[in-house]
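Asker: mind looking at a prediction? Sequence and model below.
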Amino acid sequence: MRIANLNHRLVLIREDRAVDVERASGGRFGADPQAVYADWDAFRDWAASAELPEGEPFALTDLHSPAPAPRQTLAIGLNYRDHASESGFEAPEGLPPVFTKFVTSLSGPVTEVRLPEGGKTDWEVELVAVIGRRAEHVAEADAWSHVAGLAVGQDISERVSQLAGPAPQFSLGKSYPGFAPVGPWLTTPDEVENPDDLELRATVNGEEVQKGRTGDLIFSVPALVSKLSAVLPLLPGDLIFTGTPAGVGLGRDPQRWLHEGDVLVSTISGLGELRQTFTA
Ligand code: ZN
């Protein structure tokens, strides 16, 4: 199953058409894309058995984040060995480094993003997991049952503010408006062949800059749900940005940043792609 946020209404994606959930369910499920996660099990059962209309064609530019107002977004740093190494850090053990992307930075899959003046803006393609069932002290073996689905994410990062100050603080420089595109839709884990090993790619103006596999995550999606939920409850509709593989601009020699007019495309096999165009 694939669901999306089409002009702020919850839709099911079927091939290249969108079915409005509130209308198709006769009001059983509302139009608010964020509200569905609180009733996820019932929604999934309904969607699996409902007789659905054909739906309407839609434009990718009318999609917004499939979870537009999570109560919590947990973003993971240094979760691939090659990226930890290019960033000049040891790979984490025990607990991963965690920061947030504030909720106002969330956006849809096809957007224009304004570059902060005087900044050094960088790309980080990431797998995003959306929580579908409250998770508290969840064992790794049970973790996938707490995940509603997966999407492509970009952890766009402005490195000057990210690395300013006497102690590292990541959240602010990663939370400019539009710095957290997610989408193009939410795909349930059963729709992909192996949700534990998906290929991620990022290109800038067509040139490949990142390529990795989620099978190389130091903390897999189940490990993250388990370790994070041992500290705090994960709530339905929460997002986890799972970290980025090597190839970011910060780790290059010479370093490389995004400029006005650049087009960043982020792809994950089976989940779709994001397309961000940068403006001054
Ligand atoms: Zn990141």
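Answerer: In hand now; what should we look at?

Asker: what residues does this structure have near the ion?
Answerer: Counting by Cβ under 5 Å from the ion, the chain comes close to the ion at 124, 155, 244. The way it works is simple: take the backbone N, C-alpha and C, and place the C-beta from them, glycine included.

Asker: need these in TSV with pLDDT and secondary structure, can you?
Answerer: Shown next, in TSV, are the residues of the chain next to the ion (pLDDT from 0 to 100; DSSP: H, G, I helix; E, B strand; the rest coil):
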residue	pLDDT	secondary structure
124	98	coil
155	98	coil
244	97	coil
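
Asker: highest neighbour count among these?
Answerer: residue 244 (30 neighbours; other Cβ atoms under 10 Å).

Asker: about what we covered before: what's the closest of the residues of the chain next to the ion to residue 131?
Answerer: residue 155 (17.8 Å; Cβ to Cβ).

Asker: what residue ranges in this structure score low on pLDDT?
Answerer: For the chain, no stretch has pLDDT under 70.

Asker: show me what residue of it gets nearest to the ion.
Answerer: In the chain, the residue that lies nearest the ion is residue 155 (3.3 Å; Cβ to the ion).

Asker: which ones are touching that residue?
Answerer: 75, 101, 124, 126, 174, 179-180, 241, 244 (Cβ atoms under 8 Å, 6 or more residues apart in numbering).

Asker: next one: residue 265
Answerer: Neighbours of residue 265 in contact, by Cβ under 8 Å, 6+ apart: 202-203, 273-276.

Asker: repeat for residue 217
Answerer: 79-80, 223, 242-243.

Asker: surely residue 215 is within a helix?
Answerer: Yes: checked against DSSP: H, G, I helix; E, B strand; the rest coil, residue 215 lies within a helix.

Asker: so it makes contact with residue 199?
Answerer: No: contact criterion Cβ atoms under 8 Å: residue 215 and residue 199 do not qualify, at 9.1 Å.

Asker: which of those two has more residues huddled nearby?
Answerer: residue 199 (14 against 11).

Asker: ok, back up a step: show me the contacts of residue 155 that map onto strands.
Answerer: 75, 126, 180, 241 (DSSP state E).

Asker: which of the residues you listed lies closest to residue 210?
Answerer: Once Cβ to Cβ is applied, the member of the ones in strands among the contacts of residue 155 that ends up nearest residue 210 is residue 126, at 9.9 Å.

Asker: so what's the closest one bridging to?
Answerer: Listed beta-bridge partners, residue 126: residue 153 (assigned using DSSP bridges).

Asker: could you check how far it is from residue 162?
Answerer: 15 Å (Cβ to Cβ, to the nearest Å).

Asker: just residue 72 next, same as before
Answerer: 20 Å.

Asker: okay, the two: which has more neighbours?
Answerer: Taking neighbours as other Cβ under 10 Å, residue 72 and residue 162 compare with residue 162 leading, 21 against 16.

Asker: the helices in the stretch 101-250 of the chain, which residues?
Answerer: Shown for the stretch 101-250 of the chain, the helices assigned by DSSP state H, counting those that start in this stretch span residues 159-162, 221-229.

Asker: quick one: closest of these to residue 58.
Answerer: helix 221-229 (28.2 Å).

Asker: who touches that closest one?
Answerer: By Cβ under 8 Å, 6+ apart, helix 221-229 touches 74, 76, 95-96, 98, 127, 129, 131, 135-141, 143-144, 146-147, 150, 195-196, 214, 217, 219, 234, 240, 242.

Asker: buried subset of these?
Answerer: 74, 76, 96, 98, 127, 129, 131, 135, 138, 143-144, 146-147, 150, 195, 214, 217, 219, 234, 240, 242 (16 or more other Cβ atoms under 10 Å).
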